[in-house]
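Need coordinates for the following:
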Amino acid sequence: NAKLQTSNPRIYGCGDVIGGPQFTHVAGYEAAVALVNALFLPVSKASYRVIPWATFTDPELARVGLTESEAQQRYGEDVMVLKQEFAEVDRAQAEAATLGFAKLICRRNGQILGAHLVGAHAGELIHEVVLAMSHKLPVSALTGIHVYPTLSEVNAKAALQHKKQTFAANTRLQNLLQGFFAWRRAWS
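Numbers count the residues shown, from 1 in each chain. I've put the predicted structure just below:
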């Protein structure tokens, strides 16, 4: 069950034997849930909503959550795809590691549905998105200050695309701001 109890509620299972995602990091997570339930009261439940994957090739591949097509099937037109190339990140340029991209899939309200990274250290860079998804933070949370120059800027720059795309689609706000700034210039 979700508490990782077998048919005998005093025996717990975790890892490959229970038939879930067969990753070492998932087995470790399940072991922690099972251990807490076995030693104390069985109230903790395993959640598989946010499971990161990584393939350590060159370049690395990492993902979490829904794919673009899965998100579109579930949410239709409410899906935004935010993409940032590694080639536009200064640290990637300095290290000649410009091959790859970060792609964030979110809803128009900023809810992160998934992410895909292809590039140098993608397996490390995915964790910022995993943390945001685990705590149900909006994509804007990824735009905070990042140490410069680091590869993690690829996530911040991808997340910034949410604001850019939202503004570009809002002609009413654009017209309002255009009028406001014209008025401000007239008073200068």
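
chain center to stretch 7-27: distance?
How far stretch 7-27 lies from its chain's middle: 25 Å, per C-alpha atoms, centre = their mean, to the nearest Å.

neighbouring contacts of it?
With C-beta atoms under 8 Å, 6 or more residues apart in numbering as the test, stretch 7-27 has contacts from 3-6, 30-31, 33-34, 37-38, 42, 48, 51-53. Placement of C-beta: from N, CA and C, glycine included.

Give me the buried entries from these.
K3, L4, Q5, E30, V33, A34, N37, P42, I51, P52 (16 or more other C-beta atoms under 10 Å).

Buried ones in the lowest-mean-pLDDT helix or strand in the chain, by neighbour count?
Least confident element among the helices and strands of the chain, by mean pLDDT, DSSP states H and E: helix 171-186 (a mean of 92). Neighbour counts over helix 171-186 (16+ other C-beta under 10 Å) mark no residue as buried.

swap in stretch 45-62?
For stretch 45-62, a neighbour-count test (16+ other C-beta under 10 Å) marks A46, V50, I51, P52, A54, P59, E60, L61, A62 as buried.

what's the first-to-last distance across that stretch?
One end of stretch 45-62 sits 26 Å from the other (C-alpha to C-alpha, to the nearest Å).

again with stretch 60-78
End-to-end distance (C-alpha to C-alpha), stretch 60-78: 29 Å.

Point to the residue nearest the middle of the chain.
Centrality entry for the chain: nearest residue to the mean C-alpha point is V129, 3.1 Å, by C-alpha atoms, centre = their mean.

Isn't that residue up against A156?
No - under the criterion of C-beta atoms under 8 Å, V129 makes no contact with A156, lying 11.0 Å away.

so what's in contact with these two at the same time?
Common contacts of V129 and A156 (C-beta under 8 Å, 6+ apart): L142.

sorry, back to before: would you turn the buried residues of stretch 45-62 into a markdown table with secondary structure, pLDDT and distance to G76?
Listed next are those as a markdown table, based on DSSP: H, G, I helix; E, B strand; the rest coil; pLDDT from 0 to 100; distance: C-beta to C-beta, whole Å:
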| residue | secondary structure | pLDDT | distance to G76 |
| --- | --- | --- | --- |
| A46 | coil | 96 | 30 |
| V50 | coil | 96 | 22 |
| I51 | coil | 96 | 24 |
| P52 | coil | 97 | 26 |
| A54 | strand | 96 | 29 |
| P59 | coil | 96 | 31 |
| E60 | strand | 98 | 31 |
| L61 | strand | 98 | 27 |
| A62 | strand | 98 | 26 |
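
what helices or strands is the least confident helix or strand of the chain leaning on?
Contacting helix 171-186 under the criterion 3 or more C-beta pairs under 8 Å, 6 or more residues apart in numbering; DSSP states H and E is no other helix or strand.

one more time with 10 Å, if that's ok
Judged by 3 or more C-beta pairs under 10 Å, 6 or more residues apart in numbering; DSSP states H and E, the packing partners of helix 171-186 are helix 153-169.

Show me what the helix it packs on is packed up against.
strand 79-85, helix 90-94, strand 101-107, strand 112-119, helix 122-134, helix 171-186.
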